[in-house]
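Peer 1: Next input, structure requested:
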Amino acid sequence: MLHLFALLLLAPAEDLPTAWVDPDTGHRIIRLTREVGSASMYFNQNRYLPDGKHMVYTNPQGIAVLNLDTLASRLIVAAPARLVDAGRKHPRVYYTKDGAVWFTDIESGEAKRINTLPPRGSVATVNADETLLAGAHITSSQGEDYGARAQRARPNEEPLNKGQMMEQRWASRAPMALYTISIGTGETKVIHRANDWLNHFLFSPTDPTLLMFCHEGPWHKVDRLWTIRTDGRELKKIHSRTMAMEIWGHEFWSHDGKTIYYDLQTPRGEDFWLVGYEVATGRSTRYHLNRDEWSIHFNVSRNGKLMIGDGGDPGQVAKAPDGQWIYLFRPELVANRGVDDPSFIRPGVLRAEKLVNMKKHNYRLEPNVAFSPDEKWVIFRSNMLGESYVFAVEVAKADSVPGKP
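Peer 2: As a prediction, this is how the structure comes out:
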């Protein structure tokens, strides 16, 4: 992405700006996509192909790939299709379409149907060596079309909001099965059964046998974060509640697969932390943030030295009066001048720098920040220009100010 800014300045004139410097932060912003309604992937999904030059994203026409060197884009899979992941080993896009899971090779154009999904089933993640997918399904009619059934039970009442729907779905205790699907053979294997609401599956980026998942539902009522091996062994809870109304979630892996990070609030909406949990040792580091710097989603650079957050408006759980920013964080550990006990949680703080003023962004669309492969840019989606597009902000401050929207 070294030449993106120069390329954008040479692009044909458009009604909407393609590049500017944020006057409030001094950081350069570029608009990567041209399609109205285009969007980057969820913050913890793999969006980059193995060459580090191509990024997968969605637009109203389907699933597309963007060349980060030239900004040329092309449609890979026509809508309707739901994007799952970009391959880490092969130049593939994984997706679901017509009740089945597929991949398409972006170089050859080969499309392969892997297998039909189980009834009410989905897949959400691809493992590191691209041999398995993972997902879950409700195994009885108890959970079929749950939202519609719940609403039919209240014919004379207002529609359920998201919080009410989550409460009722969680309380239903609908039986579920967590399964893997072989990319090579299509074989489906159930590895875990539960009456918990199983969701947010995410394979380790380096260990093809380690899967992270969550117990979905009201965060103050669930033990959210778990890992399991692909053969069903070693089911492990990653965090245990120590106070009423303690919540944690929006989990993601470090790029080396050694650390699981997650948002922790002790209690909900009052005190804010980003936790790093070491998979090998079980030891945790907690980085503190102030209310305005809390973010819907966080992410980490490949070398672990920088972190980012996408902020939040006053309607989010932190109720931040001035939280509508894209943030760059520099983590610092608190010096230990006391007892050195390896069982203790290591305390730290995140030192924040503002990258993008998001006051014009409607946070009903979550920005979902991620570093570019070269770590010189932070990529996010936004409706700051009215419609949704994919943007990048430069980590280094700009030398000149070409204008603003």
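Peer 1: Let's verify the residue lying closest to His90 once chain neighbours are set aside: helix, strand, or coil?
Peer 2: With Cβ to Cβ, 6 or more residues apart in numbering as the measure, Glu130 is the residue that lies nearest to His90, at 5.7 Å, once sequence neighbours are left out. Bear in mind the C-beta positions are built from the backbone N, C-alpha and C, glycine included. Classification of Glu130 into helix, strand or coil gives coil, according to DSSP: H, G, I helix; E, B strand; the rest coil.
Peer 1: Name all residues that make contact with Glu130.
Peer 2: Under the criterion of Cβ atoms under 8 Å, 6 or more residues apart in numbering, the neighbours of Glu130 are Gly87, Arg88, Lys89, His90, Arg92, Ile183.
Peer 1: Tell me where the stretch 251-400 of the chain has helices.
Peer 2: Taking DSSP state H, counting those that start in this stretch, the stretch 251-400 of the chain contains no helices at all.
Peer 1: Return the distance of stretch 170-183 from the chain's centre.
Peer 2: Stretch 170-183 has its average C-alpha position 20 Å from the chain's average C-alpha position, going by Cα atoms, centre = their mean, to the nearest Å.
Peer 1: Dump the C-alpha coordinates for it into PDB.
Peer 2: Output of stretch 170-183 as PDB, limited to C-alpha atoms (Å, rounded to 0.1, in the frame of the first residue of the first chain):
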ATOM      1  CA  TRP A 170     -30.600 -17.500  25.300                       C
ATOM      2  CA  ALA A 171     -33.300 -18.600  27.700                       C
ATOM      3  CA  SER A 172     -34.700 -21.100  25.200                       C
ATOM      4  CA  ARG A 173     -31.800 -23.600  25.900                       C
ATOM      5  CA  ALA A 174     -32.200 -24.900  22.300                       C
ATOM      6  CA  PRO A 175     -29.900 -27.900  21.800                       C
ATOM      7  CA  MET A 176     -27.000 -27.200  19.500                       C
ATOM      8  CA  ALA A 177     -24.200 -29.100  17.800                       C
ATOM      9  CA  LEU A 178     -20.700 -27.700  17.000                       C
ATOM     10  CA  TYR A 179     -19.200 -29.400  14.000                       C
ATOM     11  CA  THR A 180     -16.300 -29.300  11.600                       C
ATOM     12  CA  ILE A 181     -16.500 -29.800   7.800                       C
ATOM     13  CA  SER A 182     -13.500 -31.300   5.900                       C
ATOM     14  CA  ILE A 183     -12.600 -29.000   3.000                       C
END
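Peer 1: in it, what counts as buried?
Peer 2: Along stretch 170-183, these residues count as buried under the neighbour rule (16 or more other Cβ atoms under 10 Å): Trp170, Ser172, Ala174, Met176, Ala177, Leu178, Tyr179, Thr180, Ile181, Ile183.
Peer 1: Just these: which are in helices?
Peer 2: Among the buried residues of stretch 170-183, DSSP state H puts Trp170 in helices.
Peer 1: ok, of the buried residues of stretch 170-183, which one's closest to Asn115?
Peer 2: Ile181 (5.7 Å; Cβ to Cβ).
Peer 1: show me what contacts the closest residue in space to Val356 that isn't next to it in sequence?
Peer 2: Leaving out its chain neighbours, the residue that sits closest to Val356 by Cβ to Cβ, 6+ apart is Ile326, at 3.9 Å. For Ile326, the contacting residues are 308-311, 354-356, 358, 367, 369, 378, 380, 393, taking Cβ under 8 Å, 6+ apart as the criterion.
Peer 1: swap the cut-off to 6 Å and go again
Peer 2: Applying Cβ atoms under 6 Å, 6 or more residues apart in numbering, we find Ile326 in contact with Asp310, Leu355, Val356.
Peer 1: if we can go back for a sec, which of the contacts of Glu130 has the most neighbours?
Peer 2: For the contacts of Glu130, counting by other Cβ atoms under 10 Å, the largest number of neighbours falls to Arg92: 27 neighbours.
Peer 1: correct me, but that residue touches Asp105?
Peer 2: Yes. Assessed by Cβ atoms under 6 Å, Arg92 is found in contact with Asp105 at 5.5 Å.
Peer 1: helix or strand for Val84, which one?
Peer 2: For Val84, the host element (DSSP states H and E) is strand 82-86.
Peer 1: Which residues outside that strand are in contact with it?
Peer 2: Applying Cβ under 6 Å, 6+ apart, the contact partners of strand 82-86 are Gln45, Asn46, Arg47, Leu49, Val56, Thr58, Ile63, Tyr94, Tyr95, Thr96, Val123, Val126.
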